[in-house]
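> sequence plus predicted model, see below.
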Amino acid sequence: MTRFLVTGVSGLLGLNFALAVDGRKHQVIGVAHTTPLTWVNFKFMHADLTGPGVVEKLVEETKPGVILHCAAIANLEACEANPEQAAEVNGQLPGVIAASAQKHGIQMIHISTDAVFDGAKGDYLETDPPNPLSVYARTKWQGEQAVLAANPQALIVRVNFYGWSISGTRSLGEFFVNNLEQGKTMKGFTDILFCPMMVLDLADMLVEAAQKQLHGIYHLVGGQAMSKYDFGVAIARTFGFDESLISPASVLDGGLTAARSPNLTLNTDKITKALGHDLPEFERGLAKFHAQYRHGFPQYIRSLS
Ligand SMILES: NC(=O)c1ccc[n+]([C@@H]2O[C@H](COP(=O)([O-])OP(=O)(O)OC[C@H]3O[C@@H](n4cnc5c(N)ncnc54)[C@H](OP(=O)(O)O)[C@@H]3O)[C@@H](O)[C@H]2O)c1
């Protein structure tokens, strides 16, 4: 049994990870910040991890086997609006956690992003140099560097995922479903390519990566590249919604303040080799997302706050 200390446990990844992984095989202790949590079985607490001494105290008290660091300011527009906070949470905090993990001999998994790349090339390898375009991306890359400087044994995974969140609005998958089920029209960007992974598949892969004690940088995204428009259409078809509600559009017409990288497809050969198997298929992940919808999981997860 591994005890995971999960930061950002009220977030899209942290909460889905905790709900899926805490149980007989593994234990999760979660840390949320401002979002109230109720009716969850895993242990959790609230803390501002940027407070002086907070991380060290938490690590000493909980004695985890693995720290899964998901906490971040992950909204791109929020980072543009508050770059100092983004620098503190995304850029500096990961280094503090990595140093504490190193001091106590604890395995650390740091969650980073595909957005560290400028998207000019696509099919990025772990050895390709990042060139972040936004405050979010820049501070996330600073976070990676802070982690490796403090703790070379840490694992950094660059991800992109979707699933159901406590706010009901955190993921792109939810954006499409929320609009489609209400019969609203929406734009789908044809000029942004990415490799989405269902969050439950990501949770499984993270547990495997922890068990294999991987370290260094890995790309852990879905095995299939697609545009954001194609992703929306795939959701509409799987859920039986009207795909014509999604109009193909350019990101330049999206009214977004933070710059977006056009081709964020990442090469996953390194992680596939390390895990010894292919990554979960996109269609199967989407089927899980749909099955959760049919079973009322979106309402359930929203009721946890
Ligand atoms: N979503 C994606 O598709 C995506 C793509 C690439 C990479 N990522 C990365 O994946 C990770 C998880 O993303 P997510 O989408 O799950 O994020 P999210 O839903 O926005 O959740 C962020 C979490 O961080 C916590 N947090 C923020 N500031 C904190 C602080 N000062 N102290 C303690 N906790 C704090 C929040 O707590 P409260 O809500 O309780 O305040 C929340 O639990 C992030 O590192 C993100 O950069 C996400």
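Looks like it arrived, so ask away.

> show me what from the stretch 151-300 of the chain comes close to the ligand.
For the stretch 151-300 of the chain, the residues in contact with the ligand (Cβ under 6 Å from any ligand atom) are 159-161, 165, 170-171. Any C-beta I mention is one placed from the backbone N, CA and C, and that applies to glycine too.

> redo those residues as TSV? Include distance to Leu245, secondary structure and neighbour count.
Listed next are those as TSV, based on distance: Cβ to Cβ, whole Å; DSSP: H, G, I helix; E, B strand; the rest coil; neighbours: other Cβ atoms under 10 Å:
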residue	distance to Leu245	secondary structure	neighbour count
Val159	28	strand	23
Asn160	24	coil	20
Phe161	24	strand	24
Ser165	22	coil	22
Arg170	21	coil	19
Ser171	18	coil	22
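
> make TSV out of the residues you listed and add distance to Glu80 and pLDDT.
Output for these, formatted as TSV (distance: Cβ to Cβ, whole Å; pLDDT from 0 to 100):
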residue	distance to Glu80	pLDDT
Val159	21	98
Asn160	19	98
Phe161	22	98
Ser165	21	98
Arg170	18	96
Ser171	20	97
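
> to what extent is the residue in the stretch 201-305 of the chain positioned nearest to the ligand buried, counted in neighbours?
The ligand sits closest to Val221 of the stretch 201-305 of the chain, with a gap of 8.5 Å, by Cβ to the nearest ligand atom. For Val221, the number of neighbouring residues by other Cβ atoms under 10 Å comes to 26.

> ok, it - contacts?
114, 158-161, 194-197, 266, 268 (Cβ atoms under 8 Å, 6 or more residues apart in numbering).

> distance of the residue nearest to it when sequence neighbours are not counted from the ligand?
Among residues not flanking Val221 along the chain, Cys195 sits closest, at 3.9 Å (Cβ to Cβ, 6 or more residues apart in numbering). Counting by Cβ to the nearest ligand atom, to the nearest Å, the gap from Cys195 to the ligand is 11 Å.

> Cys195 contacts Gly122, doesn't it?
No - the pair Cys195 / Gly122 is not scored as a contact, 9.8 Å apart, by Cβ atoms under 8 Å.

> of those two, which one has the most company?
Cys195 (25 against 17).

> Asp118 should be in a strand, yeah?
No - Asp118: not assigned to a strand; according to DSSP: H, G, I helix; E, B strand; the rest coil it is coil.

> contacting residues around it?
131-133, 261.

> pLDDT wise, what is Asp261 at?
For the record, residue 261 is Ser, not Asp. You'll see Ser261 listed with a pLDDT of 88.

> Ile294 - how many residues pack around it?
Actually, residue 294 is Arg rather than Ile. 8.

> so stretch 106-120, near the ligand or not?
Yes - Stretch 106-120 comes into contact with the ligand (Cβ under 6 Å from any ligand atom), by way of 111, 113.

> any idea of the mean pLDDT in that stretch?
Rounded mean pLDDT across stretch 106-120 is 98.

> from Met45, how far out is the residue in the stretch 101-250 of the chain that the ligand sits nearest to?
Residue of the stretch 101-250 of the chain nearest the ligand, by Cβ to the nearest ligand atom: Thr113 (3.5 Å). Distance of Thr113 to Met45, given as Cβ to Cβ, to the nearest Å: 26 Å.

> who's more crowded, these two?
Thr113 (24 against 13).

> contacting residues around that one?
Thr113 neighbours (Cβ under 8 Å, 6+ apart): 136-137, 140, 158-160.

> let me have the contacts of Val221 in TSV, extended by distance to Phe241.
As requested, the contacts of Val221 are exported to TSV (distance: Cβ to Cβ, whole Å):
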residue	distance to Phe241
Asp114	27
Arg158	31
Val159	26
Asn160	23
Phe161	21
Phe194	21
Cys195	23
Pro196	18
Met197	22
Leu266	29
Thr268	29
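
> give the intersection of the neighbour lists for Cys195 and Gly122.
225, 264-265.

> list the buried residues of the top helix by length along the chain.
Longest helix of the chain, by residue count under DSSP state H: helix 135-150. For helix 135-150, the neighbour count (16 or more other Cβ atoms under 10 Å) marks 135-144, 146-148, 150 as buried.

> just the buried ones out of the contacts of Asp118, please.
Buried among these (16+ other Cβ under 10 Å): 132-133, 261.

> that older thread, looking at the contacts of Val221, which are in strands?
158-159, 161, 194, 197 (DSSP state E).
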